[in-house]
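> what shape does this take:
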Amino acid sequence: MEKNVKLVSGIFIMALMLAVLVAGCGGPSATPAATPKADLTVFAAASLSGAFNETKAAYEASHPNVNIIYNFDGTQSLRTQVEQGAYADVFASASASHMNALKGEGYMNNSTVANFANNKLAVIVPKDNPAKIGSLHDLANPGVKIVMGTKDVPVGSYTLQILDKMANNSSYGPDYRSKVMANVISQETTVNYVVAKVALGEADAGFVYVSDVPAEYRDKVSVVAIPDSLNVVAVYPIGVLKESKHPEEAQKFIDFVRSDEGKAILAKYGFTPV
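Reported below is the predicted structural model:
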């Protein structure tokens with residue numbers, strides 16, 4: 001009898017030790033730690049803000065371990081920030097020239113750079129149209145208040161190219177450019193400021209991208225189209241910076257922007273995906 005009691009006690013102790021061991025291995029302390037999210041910093045032209053904010057929502061939904069952090073600004077300003085040491089994983093430009101400059105200066109992983117969208121310009125006027133602008137000819141009328149981008153921001157550079165084309169067109173005449181420029185009351189560092197000033201009635205007209213009228217302003221402005229023969233094609237390149245701490249994730253984001261889903265978002269906002 002005493003022998004049986006010792007046997008049962010031994011079995012009980014071993015079972016207890018096993019239970020403690022199993023509990024130790026399977027308890028909360030053994031739960032695999034969650035993988036920390038990778039913060040992906042994307043420098044993007046201000047004209048991309050609407051499309052890229054929707055892209056962020058779609059991308060993060062399918063890539064839960066990535067957190068997209070945007071810095072939207074004029075392309076020329078973003079380039080300067082990179083040159084002065086600001087950190088970014090991805091650079092999305094509204095101009096091939098600024099991207100080419102960063103490539104030449106050694107900031108970009110050049111093999112990752114690719115064009116992903118085209119854009120073109122239009123003129124917007126306030127809905128009540130106080131200057132009664134019905135065509136591009138009216139931009140040269142005395143007293144019209146026009147706002148455009150600075151010559152360094154891509155939309156400003158494209159505007160000057162368009163005015164040069166129009167001045168060389170017999171329908172407008174050689175003095176058209178100077179007359180329009182005489183009406184410019186403000187030159188902005190991002191196209192978003194141009195849109196806002198026209199929508200708020202601070203100017204009679206502004207040169208913007210066709211993709212640049214966000215939902216909150218669509219009932220406040222009207223669009224005057226610029227014919228393709230006088231317009232310019234704005235090329236948007238994107239690429240990974242050499243200093244990126246997450247080059248694989250950065251490339252995956254670029255691949256998503258250039259995927260069918262990413263192209264559909266860009267087209268929704270007026271871009272022509274390529």
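> only C-alpha atoms from now on, for both contacts and neighbour counts.
Will do.
> what segments of the chain are helices?
Here the chain has its helices, by DSSP state H, at 2-26, 49-62, 75-83, 96-104, 154-167, 176-182, 191-199, 247-257, 260-268.
> export those helices to TSV and tack on mean neighbour count and mean pLDDT?
Formatted as TSV, the helices of the chain follow (neighbours: other C-alpha atoms under 10 Å; pLDDT from 0 to 100):
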stretch	mean neighbour count	mean pLDDT
helix 2-26	11	51
helix 49-62	17	96
helix 75-83	18	96
helix 96-104	17	97
helix 154-167	20	96
helix 176-182	17	97
helix 191-199	23	92
helix 247-257	19	97
helix 260-268	18	96
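> need those helices in CSV with distance to I69, can you?
As requested, the helices of the chain are exported to CSV (distance: least, C-alpha to C-alpha, whole Å):
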stretch, distance to I69
helix 2-26, 37
helix 49-62, 9
helix 75-83, 14
helix 96-104, 20
helix 154-167, 23
helix 176-182, 37
helix 191-199, 19
helix 247-257, 12
helix 260-268, 17
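> nearest to A225, of the ones you listed?
Comparison of those against A225 by C-alpha to C-alpha identifies helix 154-167 as nearest, at 12.4 Å.
> contacts for that closest one next, please.
Outside helix 154-167, the residues within contact range by C-alpha atoms under 8 Å, 6 or more residues apart in numbering are 74-76, 94-95, 121, 148-151, 172-177, 187, 191, 207-209, 230-232, 234.
> how far does it sit from its chain's centre?
Chain-centre distance of helix 154-167: 22 Å, with C-alpha atoms, centre = their mean, to the nearest Å.
> dump that helix to PDB, restricted to CA.
Taking C-alpha atoms only, helix 154-167 is exported to PDB below (Å, rounded to 0.1, in the frame of the first residue of the first chain):
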ATOM      1  CA  PRO A 154       7.300  72.600 -62.600                       C
ATOM      2  CA  VAL A 155       3.800  74.000 -63.100                       C
ATOM      3  CA  GLY A 156       5.300  77.500 -63.400                       C
ATOM      4  CA  SER A 157       7.900  76.300 -65.900                       C
ATOM      5  CA  TYR A 158       5.200  74.500 -68.000                       C
ATOM      6  CA  THR A 159       3.100  77.700 -67.900                       C
ATOM      7  CA  LEU A 160       5.900  79.700 -69.400                       C
ATOM      8  CA  GLN A 161       6.400  77.100 -72.100                       C
ATOM      9  CA  ILE A 162       2.700  77.300 -73.000                       C
ATOM     10  CA  LEU A 163       2.700  81.100 -73.100                       C
ATOM     11  CA  ASP A 164       5.700  80.900 -75.500                       C
ATOM     12  CA  LYS A 165       3.800  78.600 -77.700                       C
ATOM     13  CA  MET A 166       0.800  80.900 -77.700                       C
ATOM     14  CA  ALA A 167       2.900  83.900 -78.500                       C
END
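> quick one: M181 from N169, how far?
According to C-alpha to C-alpha, to the nearest Å, M181 and N169 sit 17 Å apart.
> could you do M108 as well?
39 Å.
> looking at the two, which is more packed in?
Ranked by neighbour count (other C-alpha atoms under 10 Å), M108 and N169 place M108 first, with 24 against 13.
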